[in-house]
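A.B. asks: here is a sequence together with a model predicted from it:
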Amino acid sequence: FRVLTLAENAGMKPIEIVTELRRMHATEGVKGAGINVKKGVVSDMYDLNVLQPLLVSTSAINLATETCALILKIDDLVVCF
């Protein structure tokens, strides 16, 4: 459903974009197919050099770890009577 939201927020027709995206994944075997918001079409993201940087993934994992540690600290401080 994130794809629908992305297409809709970009001013595209979400049903048509999702249908095209699924067609490219299923029949054409384009694993890197994604929404090209600038052109309003479905394109191969690998051809456009659109990749998720390692820094984004690393930052997300670090933030999740810090959040869990903070929750555990708060849980230790809460005293239930």
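C.D. replies: That came through, no problem.

A.B. asks: what ranges in the protein fall below the confidence cut-off?
C.D. replies: Within the chain, the ranges that satisfy pLDDT under 70 run 1, 75-81.

A.B. asks: let's see it at 50
C.D. replies: Within the chain, no stretch has pLDDT under 50.

A.B. asks: tell me which residue is most central in it.
C.D. replies: R2 (7.5 Å; CA atoms, centre = their mean).

A.B. asks: quick one: that residue and V30, what's the gap?
C.D. replies: R2 is 19 Å from V30, where distance means CB to CB, to the nearest Å. Backbone N, C-alpha and C define where each C-beta goes, glycine included.

A.B. asks: what does T5 give?
C.D. replies: Taken as CB to CB, the span from T5 to V30 is 22 Å.

A.B. asks: compare neighbour counts for those two and give me the winner.
C.D. replies: V30 (18 against 10; other CB atoms under 10 Å).

A.B. asks: just checking, what packs against the strand or helix carrying H25?
C.D. replies: Under the criterion of DSSP states H and E, H25 resides in helix 14-26. When contacts are defined as 3 or more CB pairs under 8 Å, 6 or more residues apart in numbering; DSSP states H and E, helix 14-26 packs onto helix 2-9, strand 33-36, strand 41-44.
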